[in-house]
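after the sequence you'll find the predicted model.
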Amino acid sequence: MVLNYPFVYSIFSWCAKGIVINNNSKIGVSPVLIKERLLFVKDNEHEFENLIEVIKDRYELDFCGYDYSTIKCKAMNMDSDHIICSMEGIEKNDFWNMVPSLPKLTVLYKECNIEQIRFFNDKNIGCYFTVENDKSEIERLFNIICSDVKYRYRDFYNRINNLIYTTFVINGTKYFEGYSLIVEAVVLIFFGDNRSVMSSGEIYRCVGSKAEISEAAVEVALRRCIAHIWQHKEIFNRTDLLTDIIDSPAPPTNTKFLYAVADRLFFKYRSDFYRYYEAMKNDQEKSGNR
């Protein structure tokens, strides 16, 4: 995919128009729903019936029986955040040996069995008591089970940050400070609270404030580094993040280059971005309203 520089603002300008992450569709674009994905492994058709009735609108759900290959396949296909089993189902289907290899497993139980609970604790598997007829307790339980989204967002943030850092700083050691500013600018654009397009002045001001240098110094450092990238395309073209972006014969403006990189990241990681960033943002808003 070659990014055409006059249109590098595409993704973020769409967001500025309020098309994504909304409860109502706008100009024919479907809303993005941020829901935890739960895979329920059921011993019979009616297992978890009351639980599912309470949470069905809050989470993205799928179901399967106690077949190991089916569980793994479904968990991978839906990119499940948690696999939910019952202690009774595990025992009835003699699934104890399979339990340690199931990713993100959570076990629910109705009757306390100290030995079994100790088994799950030793395997570092979440194990929770549940009451199927109490709506508020069910909601509280799943809030606890799905409370790790903010930590996974931090992992996602660090992964994106490291990817940008590796692309620019490691490959561009000649202008280490300047490439560090590129990292700051792309991270600022990608994770900014305001999903609209920022002007070059706003970018320079924010990056300069963090680096404790002037806006003019930021602009010069970015321009010098981008020119350096175009002079050494054979090095920078090896990275997935910059492939195709640096195909044009002449370097673009600073802002267009930064948004081209952010667009490329957004195309590749938009699913994780919507789920983790907005879920954490919503969680913070709810906490602030309490």
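Cool, the structure landed.

burial check on Val218, number of neighbours?
26 (other CB atoms under 10 Å). Quick note: C-beta positions are derived from backbone N, CA and C, even for glycine.

same check, this time on Tyr128
Tyr128 has 15 nearby residues by other CB under 10 Å.

what does Pro249 give?
Using other CB under 10 Å: Pro249 sits among 5 other residues.

could you point out which element follows the helix or strand containing Ile83?
Assigned by DSSP states H and E, Ile83 belongs to strand 82-86. Per DSSP H and E, the first helix or strand lying C-terminal to strand 82-86 is helix 87-92.

between the helix or strand just after that following helix and strand 82-86, how many degrees?
Note on helix 87-92: by DSSP H and E, the next helix or strand toward the C-terminus is strand 105-109. Following axes from the mean of the first three to the mean of the last three CA atoms, to 10 degrees, one obtains 30 degrees for the angle between strand 105-109 and strand 82-86.

elements contacting strand 105-109?
strand 82-86, helix 87-92, helix 114-122, strand 126-129 (3 or more CB pairs under 8 Å, 6 or more residues apart in numbering; DSSP states H and E).

need the winner for burial among the ones you listed.
Neighbour counts averaged per stretch over the helices and strands packed on strand 105-109 are highest for strand 82-86, at a mean of 22; criterion: mean count of other CB atoms under 10 Å.

name the strands paired with the strand holding Ile83 and say parallel or antiparallel.
As defined by DSSP bridges, the strand partners of strand 82-86 come to strand 37-41 (parallel), strand 105-109 (parallel).

any buried residues in stretch 217-236, and which?
Ala217, Val218, Glu219, Ala221, Leu222, Cys225, Ile226, His228, Ile229, Phe236 (16 or more other CB atoms under 10 Å).

contacts for it next, please.
For stretch 217-236, contacts defined as CB atoms under 8 Å, 6 or more residues apart in numbering pick out 167-168, 171-172, 174-175, 177-179, 181-182, 185, 200, 203-204, 207-208, 211, 242, 246, 250-252, 254, 257-258.

buried members of these into PyMOL, please.
Here is the PyMOL command that selects the buried residues among the contacts of stretch 217-236 (16+ other CB under 10 Å):
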select buried, resi 167+168+171+172+175+178+179+181+182+185+200+203+204+207+208+242+246+251+252+254+257+258
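
restricted to helices, list the contacts of stretch 217-236.
177-179, 181-182, 185, 200, 203-204, 207-208, 211, 254, 257-258 (DSSP state H).

quick revisit: need the strands paired with strand 82-86 in TSV with mean neighbour count and distance to Gly65, can you?
TSV is the format used below for those (neighbours: other CB atoms under 10 Å; distance: least, CB to CB, whole Å):
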stretch	mean neighbour count	distance to Gly65
strand 37-41	23	7
strand 105-109	22	16
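
any idea of the pLDDT on Gln240?
That one is not Gln; residue 240 is Asp. Per-residue confidence (pLDDT) for Asp240: 78.

now the closest residue to Met98 other than its chain neighbours. Its backbone dihedrals?
The shortest distance from Met98 to any non-neighbouring residue, by CB to CB, 6 or more residues apart in numbering, is to Tyr68 (5.2 Å). Backbone torsions of Tyr68, given as degrees, to the nearest 10, read phi -60, psi -50.

do you know how far Tyr68 is from Ser101?
Computed as CB to CB, to the nearest Å, the Tyr68 to Ser101 distance reads 8 Å.

what do those two both touch?
In contact with both Tyr68 and Ser101: no residue, using CB under 8 Å, 6+ apart.

returning to that earlier point: need the helices and strands packed on strand 105-109 in CSV (columns: distance to Tyr157 and mean pLDDT).
Below are these laid out as CSV (distance: least, CB to CB, whole Å; pLDDT from 0 to 100):
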stretch, distance to Tyr157, mean pLDDT
strand 82-86, 21, 93
helix 87-92, 35, 92
helix 114-122, 30, 87
strand 126-129, 24, 90
